[in-house]
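S.K.: Predicted model, plus sequence, below.
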Amino acid sequence: MPKRSALLSDIQTPAVPNMEWRATEFDLGDRNTDADADSTGGSSPADVTDITNHRDFRFIAAADRSDAEPADDIAASADDAFVFQSTAAPEIATIDTKHTLDALDALAAAAPNLVPSSDAAFGSAGAAAQGGFGGRFVWRGPQEITITHDGVERSFVVDVPKSYNPSDASQSFSAVLAFHGGVGGAINIMGASKFSDAGNVRDFVAVYPNAYADQWNDGRETTDSGIDDIGFVEAIIQQLADNWSVDTGRLFAAGISNGGMFVQRLATETPDLFQGYGVVSANLPTTLENNALSDVDEPMVFFNSTEDRYMPFEGGRVIGGFNGVGAGGDVLGSLATADYWADQNDTEMGVFEQMPDIADDGMTTAYRMSDDGTIHQYVTYGGDHQWPGLDPSSGYGNAATQDINASDIILDFFEEYGL
């Protein structure tokens, strides 16, 4: 069984600001604000021996909410209310009710990512002894999952849409696997792509794998660590099918830089695994050229920049990455990469057309597609090694064009192939 991390400390909850806690499940019962353990509670709904103060979350008891301050530590009683509070923003999600079902509904309304699980035990004996109630909730937000593959402990973040119901076996979701760049991690591409936000709207599961030692084995000789990243991805997909109602016939892959090159390795070596690919700031490693194993079309959309300081637009040696840390190796040029995949799909690339210069950012973007529509390419003139559309206020998006949004374009493209 995979291990689920109770904490994913660097990801903010979009539904309730300033709340950072991530838990798979926890039990409601004895409200003890003095507890300070970092645990998700017992293993069964009836185990309600403690509720812990998790980072910015706390559950507190109040005999009479009209007289109690949110942070008061008041002993539980038969009349107590159930209070869900963010210490960072105590006014956001405070519940004042003496009725079990109303409290459950109010808790779910206050924090939409928390939902009662199918085996919730209301009014359990342990909770009743404390004058309260018991129940189990499931965190419906990003979870960091740890598995062992090929003898190595690996992890990935999975984020299901709000429509996901773990009790409904009839549900079936598509999934987008997003691969971070070298010396990055799941948190980086999660923030850049915002696929989790889009997943709630477009109803897909967003997945963010973590590379071993921050570097994907993307096909370049310089990244050949011996780590089985292809097998790791296949293991993730099995987990998604077994545990998150993912349809393995509707899988899509996107990546940036080292992750974008790895996406092309996946298309080369596991051509039937994904239905489409999004590639940002990444050319084809020369070691993968002419190694495609399939005669089926591999739909791809590319985003390249003429002034990319790390991924040479004209091809050649990859420059050492951020702060001089990078894997090097040789790649085709950006145009030659799109031409290569068009040729693999038995088609040819068309001519570039200039796109509207919407943002006054000193950059312009041109677009072309293959004759059969399976390969799309966006080239930003003046752009750097970035995810197009990344918010400049993030501190990482100053060199990202605002004329296009790579995430929206990628997902629109994937929808053409069954997202």
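M.R.: Arrived safely, thanks for sending.
S.K.: Parallel or antiparallel, which strands does the strand ranked longest in the chain pair with?
M.R.: Across the chain, the strand with the greatest residue count (assigned by DSSP state E) is strand 246-256. Counting by DSSP bridges, the strands paired with strand 246-256 are strand 173-179 (parallel), strand 276-280 (parallel).
S.K.: Could you say which of those strands is packed most deeply?
M.R.: Counting by mean count of other CB atoms under 10 Å, strand 276-280 has the highest mean neighbour count of the strands paired with strand 246-256, with a mean of 28. C-beta coordinates here come from the backbone N, C-alpha and C atoms, glycine included.
S.K.: Okay, and Gln377 sits in which element?
M.R.: Per DSSP states H and E, Gln377 falls inside strand 375-381.
S.K.: Contacts made by that strand with the rest, please.
M.R.: 299-307, 334-335, 338, 341-342, 345, 347, 349, 352, 355, 363-370, 388, 401, 403-404, 406, 409, 413 (CB atoms under 8 Å, 6 or more residues apart in numbering).
S.K.: partner strands of that strand, parallel or antiparallel?
M.R.: For strand 375-381, sheet partners with direction are given as strand 300-305 (parallel), strand 364-369 (antiparallel), following DSSP bridges.
S.K.: CA atoms only for that strand, dumped as PDB, please.
M.R.: Taking Å, rounded to 0.1, in the frame of the first residue of the first chain, the C-alpha atoms of strand 375-381 are listed here in PDB:
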ATOM      1  CA  ILE A 375       1.600  18.800 -33.700                       C
ATOM      2  CA  HIS A 376       1.300  22.400 -32.600                       C
ATOM      3  CA  GLN A 377       4.200  24.800 -31.800                       C
ATOM      4  CA  TYR A 378       4.300  28.200 -30.200                       C
ATOM      5  CA  VAL A 379       7.500  30.200 -30.400                       C
ATOM      6  CA  THR A 380       8.000  33.300 -28.300                       C
ATOM      7  CA  TYR A 381      10.500  35.800 -29.700                       C
END
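S.K.: quick one, strands of the stretch 101-250 of the chain?
M.R.: In the stretch 101-250 of the chain, the strands defined using DSSP state E, counting those that start in this stretch lie at 114-116, 135-139, 143-149, 152-159, 173-179, 204-209, 246-256.
S.K.: go on, the stretch 301-419 of the chain?
M.R.: Under DSSP E, counting those that start in this stretch, the stretch 301-419 of the chain gives strands at 316-317, 330-331, 353-354, 364-369, 375-381.
S.K.: buried stuff in the fourth one?
M.R.: When you say that, I think you mean strand 364-369. Neighbour-count burial for strand 364-369 flags 364-365, 368-369 (criterion: 16 or more other CB atoms under 10 Å).
S.K.: Rebuild the residues you listed as a markdown table, extending it with distance to Gly418 and pLDDT.
M.R.: Formatted as a markdown table, the buried residues of strand 364-369 follow (distance: CB to CB, whole Å; pLDDT from 0 to 100):
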| residue | distance to Gly418 | pLDDT |
| --- | --- | --- |
| Thr364 | 32 | 96 |
| Thr365 | 27 | 97 |
| Arg368 | 24 | 98 |
| Met369 | 19 | 98 |
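S.K.: Out of those, which is nearest to Ser196?
M.R.: Among the buried residues of strand 364-369, Thr365 lies closest to Ser196 (CB to CB), at 25.5 Å.
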